[in-house]
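In: Need a 3D model of the following:
(chains A, B, C and D)
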Protein chains: 4
Amino acid sequence: MHPRLTGIGSTTWVVADGYIPPRSSGPEPEMTSHDSICMLNPGDSQARVEVYVYFTDREPAGPFLLAIAPRRAFHQRINDLRHPEQIPVDTDYCLIVTSDVPIVVQHTRLDSRQEANALMSTIAFPV
Amino acid sequence: MHPRLTGIGSTTWVVADGYIPPRSSGPEPEMTSHDSICMLNPGDSQARVEVYVYFTDREPAGPFLLAIAPRRAFHQRINDLRHPEQIPVDTDYCLIVTSDVPIVVQHTRLDSRQEANALMSTIAFPV
Amino acid sequence: MHPRLTGIGSTTWVVADGYIPPRSSGPEPEMTSHDSICMLNPGDSQARVEVYVYFTDREPAGPFLLAIAPRRAFHQRINDLRHPEQIPVDTDYCLIVTSDVPIVVQHTRLDSRQEANALMSTIAFPV
Amino acid sequence: MHPRLTGIGSTTWVVADGYIPPRSSGPEPEMTSHDSICMLNPGDSQARVEVYVYFTDREPAGPFLLAIAPRRAFHQRINDLRHPEQIPVDTDYCLIVTSDVPIVVQHTRLDSRQEANALMSTIAFPV
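Out: Sure thing, here's the model as predicted:
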């Protein structure tokens, strides 16, 4: 059973603080430093998601294409994106996430550069 | 004394980055790794809350039923939910929290997998 | 010089995850574990702020009265509130912050129970 | 390729918890304790950004002038601002960020005072 929630969320979200820490401490891949977008597609149709990556000194990269099945969670490490390109570590970026149906996006980073890990998270900005 | 605040908040909230770290360091239960929804029912009638848990690869679990008395805080560790099922650790999920009266929801994780704990928190997304 | 910003913000804010960690590591008061509300009064008249503290098992405490001068920052550790009462450590709570003029509220916790400190922060929920 | 996104975001943002930790552990400048505003200018014209810094006990400082090129990320450590003045460490402050075109602002702090770093982040408050 689940609530009827088609239509909740937004079709455009912005993450302004993107950064992949360049080093890690602890067992991989669990404790690998990463920057993630955590998404929910609460509706009853598949979400076609496009991610655009904005940099300090060049034109945006993307779209990176993702599909989220109906009523499913989808947590994507930015580190793991490969097509059309790989996002470099130790580089400032921002993200725009668009979807053809409403979704919800939260931004989380695990930073294990030093001996104990650090975490940060925020709801992304819904347009 | 307290302010008259019936009607503030929202009746549907989304948490997109759910995850229970699979290990802990330090004294239990205080320093046990956990993922929590922290709720306030500011109004003058009881809140009947339903929590739905969305996964990557199966249909949502729930509803998990909670009751929050009028004018009360209620911090619920997702780790501690048992009915209708227990949420597995080390597994990505998202949450939808619904209430019959407006509440406010904040999402917080304590991660003590490594030797010092890490914390993250964000206001949930109000629909 | 400063922008003319009277009227920005909200007159009611909610913090749902309140908690003062019961122990600390490192030099006091800088590294003392604390839970804070960080406020800006951007306008040109004094803000009269009332803080109400909601608990799990008893009626709310407060109001705690604060005054924020025009165009001033005001970061208040909840640990340091004394009148009408002191908030206990290691206890779940929520906060409602009201003001007679619009302000902006952010919630931050420093947790130094373990050997390295942890931090979390979120914009509070504007009603 | 990038989405047509002129007009998304807001022209005024508030950060209520500003603080630059006064010490650091680890290699500089990467692990230097810092307080940052992370901005995206998603539109097709340059953003002229003004940052105002509000203190506890004196009139606001600023404007600090920044320019963000079209379709670019811009992450600014508050520590690194120099004109019209330098922001002191170990001092509470708040920020108001204005722009002549809509931008998105996220607030992040890295605190490496103790042996492992701590992180916090939140979307800023859009007016």
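
In: so what's the residue nearest the centre of chain A bridging to?
Out: Chain A has A:Ile37 as the residue nearest its centroid, 2.0 Å off, counting by Cα atoms, centre = their mean. In this entry, A:Ile37 is beta-bridged to A:Gln76, A:His107, by DSSP bridges.

In: Check A:Ile103 too.
Out: Under the criterion used here (DSSP bridges), A:Ile103 is bridged to A:Ser10.

In: That one: what's it in contact with?
Out: If you count contacts by Cβ atoms under 8 Å, 6 or more residues apart in numbering or on different chains, A:Ile103 has them with A:Gly9, A:Ser10, A:Thr11, A:Trp13, A:Met39, A:Leu40, A:Asn41, A:Pro42, A:Ala47, A:Val49, A:Ile68, A:Val97. In this view, the C-beta of every residue, glycine as well, is placed from N, C-alpha and C.

In: And the furthest pair within these?
Out: By the measure Cβ to Cβ, A:Pro42 and A:Val97 form the most distant pair in the contacts of A:Ile103, at 15.3 Å.

In: Looking only at neighbour counts, state which of those two leads.
Out: A:Pro42 (30 against 26; other Cβ atoms under 10 Å in any protein chain shown).

In: residues touching the more buried one, list them.
Out: A:Leu5, A:Thr6, A:Ile8, A:Gly9, A:Arg71, A:Pro102, A:Ile103, A:Val104, B:Val14, B:Tyr54, B:Ile96.

In: follow-up on the earlier one: so the residue nearest to the centre of chain A makes contact with A:Val15?
Out: Yes. Contact between A:Ile37 and A:Val15 holds when scored by Cβ atoms under 8 Å: they sit 6.6 Å apart.

In: what's the overlap in contacts for these two?
Out: By Cβ under 8 Å, 6+ apart, A:Ile37 and A:Val15 have these common neighbours: A:Leu95, A:Val97, A:Val105, A:His107, A:Ala124.

In: ok and whichever strand or helix holds the third one relative to strand D:93-111, angle-wise?
Out: So that's A:Val105. Following DSSP states H and E, one finds A:Val105 within strand A:93-111. Going by axes from the mean of the first three to the mean of the last three Cα atoms, to 10 degrees, strand A:93-111 is angled at 50 degrees with respect to strand D:93-111.

In: Name the residues of strand A:93-111 that come out as buried.
Out: By 16 or more other Cβ atoms under 10 Å in any protein chain shown, the buried positions in strand A:93-111 come out as A:93-99, A:101-111.

In: Show me what from chain A comes close to chain B.
Out: Contacts of chain A with chain B, taken as Cβ under 8 Å from any Cβ of the partner chain, map to A:1-3, A:5, A:8-9, A:25-26, A:30-31, A:36, A:38-40, A:42, A:71-75, A:104-106, A:108, A:110, A:112, A:115-123, A:126.

In: try 6 Å this time
Out: A:2-3, A:8, A:38-40, A:71, A:73, A:75, A:104, A:106, A:108, A:116-123 (Cβ under 6 Å from any Cβ of the partner chain).

In: Narrow those to those in strands?
Out: A:38-40, A:73, A:75, A:104, A:106, A:108, A:118-123 (DSSP state E).

In: and the angle from the strand holding A:Val105 to strand B:118-123?
Out: Strand A:93-111 runs at 130 degrees relative to strand B:118-123, counting by the same axes, to 10 degrees.

In: What average pLDDT does strand A:93-111 get?
Out: Computed over strand A:93-111, the mean pLDDT rounds to 97.

In: now swap in stretch A:62-69 and tell me
Out: Computed over stretch A:62-69, the average pLDDT equals 98.

In: And for it, what's in contact with it?
Out: A:Asn41, A:Gln46, A:Ala47, A:Val49, A:Glu50, A:Val51, A:Tyr52, A:Val53, A:Phe74, A:Leu81 (Cβ atoms under 6 Å, 6 or more residues apart in numbering or on different chains).

In: residue contacts, A:Tyr54?
Out: Taking Cβ under 6 Å, 6+ apart, we find A:Tyr54 in contact with A:Pro60, A:Cys94, D:Leu40, D:Ala73.

In: partners of the second one in the sheet?
Out: Taking DSSP bridges as the rule, A:Cys94 bridges to A:Tyr54.

In: Would you mind confirming that it makes contact with D:Ala73?
Out: Yes. Applying Cβ atoms under 6 Å, one finds A:Cys94 in contact with D:Ala73, separated by 4.2 Å.

In: and for those two, which residues touch both?
Out: Counting by Cβ under 6 Å, 6+ apart, the contacts common to A:Cys94 and D:Ala73 are A:Tyr54, D:Leu40.

In: Please produce JSON lines containing the contacts of A:Tyr54, extended by distance to A:Ile20.
Out: Putting the contacts of A:Tyr54 into JSON lines (distance: Cβ to Cβ, whole Å) gives the following:
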{"residue": "A:Pro60", "distance to A:Ile20": "17"}
{"residue": "A:Cys94", "distance to A:Ile20": "13"}
{"residue": "D:Leu40", "distance to A:Ile20": "17"}
{"residue": "D:Ala73", "distance to A:Ile20": "13"}
